[in-house]
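1. attaching a predicted model along with its sequence, questions to come.
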Amino acid sequence: METDIPLREVMVREVVTGDKNLTVLQAAKLMRRFHVDSIIVLDNGEPVGIVTDGDIISAVVSKDTKPSAVKLSEIMTTPLITASPNDRVSIIARKMSKGRIRKMPVVEDGKLVGIVADVDILSISSEMNSILAELVEMSVERETMELEGESPEQGLCEKCGSFSNYLVLKGGLMVCETCKDELELEGEE
C-alpha cells in the first residue's frame, strides 16, 4: 500500500449526517436513501458521534424497541474518533485496525469534511498491488525479450527519443540501432 498519501486522497467527501435528536427511524431512512451503513451524528453542526447499521441492530432491533422512539444520541458511539485530511493513510489504517474501527470521520477546523472506511483503504492497497504486478510483468517481459533477442517493431528510442521502426533492448533500455551501436562502443571502452 502506498503509505505516504494523505487521507484527503481516499476519503469520501459526501457524508450522511443527522442531528443527535433525529430518531433511529429517520436515520435508517436516510441511510437507506443514500445507500450507506452509517450516519455521523451532529450537535449544533459539530460531529459528536456515529451510528452504524450494527448499532441499530444491537441497540434497537434486538431489543424490540420502536425505532421512532429512540434518538441517535441514545445509541451513538461517542466520543468520536476522527482523522485529519492531511493524516497519512498508513497511520490511519493502523489506528483503525488497532481500535477495530471500520469508519473514521475526517474533520478539519472542527468541520466534517469526509469519511474514510476500511474498504476505501483496502481498495487503494489492491490498486497499488495491481500496478506493482503490472510493473513486475513488464520487467519480466523486457528481460525475456533481451534473452530471446526479440524486440518490438517500432517505437521511441529511450536514449535519444527519436522514432524508430526497429528497437532493441540494450542495457535495460529500448533503443534505436544508432544508440545500440553507441552503447556497445561505450561498453567496449
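-> Noted; the coordinates are in hand.
2. now do the strands in the chain.
-> Secondary structure of the chain (DSSP state E): strands at 17-19, 38-43, 46-52, 103-108, 111-117, 155-156, 163-164, 168-170, 173-175.
3. can you list these in CSV and add mean neighbour count?
-> Every C-beta, even on glycine, is put in place using the N, C-alpha and C of the backbone. Output for the strands of the chain, formatted as CSV (neighbours: other C-beta atoms under 10 Å):
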stretch, mean neighbour count
strand 17-19, 17
strand 38-43, 22
strand 46-52, 20
strand 103-108, 21
strand 111-117, 19
strand 155-156, 14
strand 163-164, 16
strand 168-170, 21
strand 173-175, 20
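4. now those as a markdown table including distance to Leu80 and mean pLDDT?
-> As requested, those are arranged in a markdown table below (distance: least, C-beta to C-beta, whole Å; pLDDT from 0 to 100):
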| stretch | distance to Leu80 | mean pLDDT |
| --- | --- | --- |
| strand 17-19 | 12 | 95 |
| strand 38-43 | 8 | 95 |
| strand 46-52 | 5 | 93 |
| strand 103-108 | 6 | 93 |
| strand 111-117 | 10 | 92 |
| strand 155-156 | 53 | 78 |
| strand 163-164 | 58 | 82 |
| strand 168-170 | 56 | 81 |
| strand 173-175 | 53 | 82 |
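5. and Ser38, what does it touch?
-> Contact partners of Ser38, counting by C-beta atoms under 8 Å, 6 or more residues apart in numbering, are 16, 31, 50-53, 103, 115.
6. pick out the most distant pair among these.
-> Farthest pair in the contacts of Ser38 (C-beta to C-beta) is Asp53 and Ile115. Separation: 14.6 Å.
7. separation between the most centrally placed residue in the chain and Val41?
-> Residue closest to the average C-alpha location in the chain (C-alpha atoms, centre = their mean): Ile124, at 3.5 Å. When distance is defined by C-beta to C-beta, to the nearest Å, Ile124 is 27 Å away from Val41.
8. likewise for Ala83?
-> For Ala83, the distance to Val41 equals 17 Å [C-beta to C-beta].
9. now the residue nearest to the centre of the chain: closest residue in space, sequence neighbours ignored.
-> Val10 (5.6 Å; C-beta to C-beta, 6 or more residues apart in numbering).
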